[in-house]
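Asks: quick one: sequence plus predicted model below, questions after.
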Amino acid sequence: MMTSHGAESEAVDRGIEYDLKHKTSGGIWQSFWWTSFLYSTEGALSLLKVAGLIINPRTTEATLLQTRPRHGFESTLLSSLLLLDSAPETAISPLVDELLKVRRPMGIGKVGRCYG
């Protein structure tokens, strides 16, 4: 939206207002189309970051650190959110390690192998 309308457009302002209005007290955004809040929270925080808005990341981080992903996609989203939030490496490393463990048996991540 920001690329087609510009960062200062009324449409972008309304989108940001909507995001801010729908943030929960736990610092996350509930999803209406996904099974967890990770997808919607990643989208909302990415928008706010691109818009240059700073929100209190501690509440969001506390909620994220209590979250246990159910599969690889959620682990990836959670890792992305923690990186976006500048969480400590100790919070992110176990998620990345788990993703690598799951991927290696499938032949993904091996050096010298070409995919595509």
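Replies: Nice, I can see it. Numbers count the residues shown, from 1 in each chain.
Asks: can we go C-alpha only for contacts and neighbour counts from here?
Replies: Noted.
Asks: need the next SSE after the helix or strand hosting Ile16, C-terminal direction.
Replies: Element membership for Ile16 (DSSP states H and E) is helix 10-21. Using DSSP H and E, the helix or strand that follows helix 10-21 in sequence is helix 38-50.
Asks: then that next one to PDB, C-alphas only?
Replies: As requested, the backbone C-alpha atoms of helix 38-50 are provided in PDB (Å, rounded to 0.1, in the frame of the first residue of the first chain):
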ATOM      1  CA  LEU A  38       1.900 -14.800  14.500                       C
ATOM      2  CA  TYR A  39       1.000 -14.100  10.800                       C
ATOM      3  CA  SER A  40      -1.100 -11.000  11.600                       C
ATOM      4  CA  THR A  41       1.300  -9.700  14.200                       C
ATOM      5  CA  GLU A  42       4.300 -10.000  11.700                       C
ATOM      6  CA  GLY A  43       2.300  -8.000   9.100                       C
ATOM      7  CA  ALA A  44       1.200  -5.300  11.500                       C
ATOM      8  CA  LEU A  45       4.700  -4.800  13.100                       C
ATOM      9  CA  SER A  46       6.300  -4.800   9.700                       C
ATOM     10  CA  LEU A  47       3.900  -2.000   8.600                       C
ATOM     11  CA  LEU A  48       4.500   0.000  11.700                       C
ATOM     12  CA  LYS A  49       8.300  -0.300  11.400                       C
ATOM     13  CA  VAL A  50       8.300   0.800   7.700                       C
END
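Asks: now do the buried residues in that helix.
Replies: For helix 38-50, a neighbour-count test (16 or more other CA atoms under 10 Å) marks 38-42, 44-48 as buried.
Asks: for stretch 76-85, same thing?
Replies: Quick answer for stretch 76-85 (16+ other CA under 10 Å): 76-82, 85.
Asks: what's the closest of the residues you listed to His22?
Replies: Minimum distance to His22 across the buried residues of stretch 76-85 is 17.5 Å, recorded for Leu81 (CA to CA).
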